[in-house]
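A.B. asks: Quick one, fold the following:
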Amino acid sequence: MPYTDVPVIPIVSATYKNRRRSNLIKWLMREGDLTVQETADRIGTTKEYLNNKLVRDSFSIEDILRVSKAANKSVFIVDNETGKAMRLT
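C.D. replies: Got it, this is the predicted structure:
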């Protein structure tokens with residue numbers, strides 16, 4: 001079943017290479033109505049550590065998955081040819 005009704009934000013691809021992952025984290029926090037402190041608490045880290053990662057743009061895929069779960073959002077891998085998707089969170 002193609003996921004055409006959800007926004008697709010590629011995080012690992014040639015088209016994403018110049019975009020900051022921290023922007024995706026900020027978007028997830030906004031959409032989840034979370035502050036940096038609330039996000040840090042939910043993912044089990046400190047506000048200072050999360051702020052440093054935002055400044056350095058040093059988020060791994062695992063970090064993105066943890067923040068998406070904290071924000072009550074889902075992450076999918078979508079096959080660009082078929083539109084089939086697998087939910088990660």
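A.B. asks: what does the average pLDDT come to for stretch 23-37?
C.D. replies: For stretch 23-37, mean pLDDT rounds to 95.
A.B. asks: quick one: contacts of that stretch?
C.D. replies: Residues outside stretch 23-37 that contact it (Cβ atoms under 8 Å, 6 or more residues apart in numbering) are 9, 11, 39, 42, 47, 50-51, 53-54, 59, 63-64, 67-68, 70-73. C-betas here are computed from N, CA, C, even on glycine.
A.B. asks: For the protein, which segments count as strands?
C.D. replies: 76-78, 85-87 (DSSP state E).
A.B. asks: burial measure for the nearest residue to residue 66 once chain neighbours are set aside, as a count.
C.D. replies: Leaving aside its chain neighbours, residue 66 sits nearest to residue 43 (4.5 Å; criterion: Cβ to Cβ, 6 or more residues apart in numbering). By other Cβ atoms under 10 Å, 15 other residues sit near residue 43.
A.B. asks: ok, residue 43 - contacts?
C.D. replies: By Cβ under 8 Å, 6+ apart, the contact set of residue 43 is 50, 63, 66-67, 70.
A.B. asks: tally of neighbours for the closest residue in space to residue 77 that isn't next to it in sequence?
C.D. replies: Spatially, and ignoring its direct neighbours in sequence, residue 77 is nearest to residue 86 (5.0 Å; Cβ to Cβ, 6+ apart). Residue 86 has 9 neighbours, counted by other Cβ under 10 Å.
A.B. asks: cool, and residue 55?
C.D. replies: 9.
A.B. asks: for residue 64, same thing?
C.D. replies: Residue 64 has 20 nearby residues by other Cβ under 10 Å.
A.B. asks: how close does residue 76 sit to residue 41?
C.D. replies: 26 Å (Cβ to Cβ, to the nearest Å).
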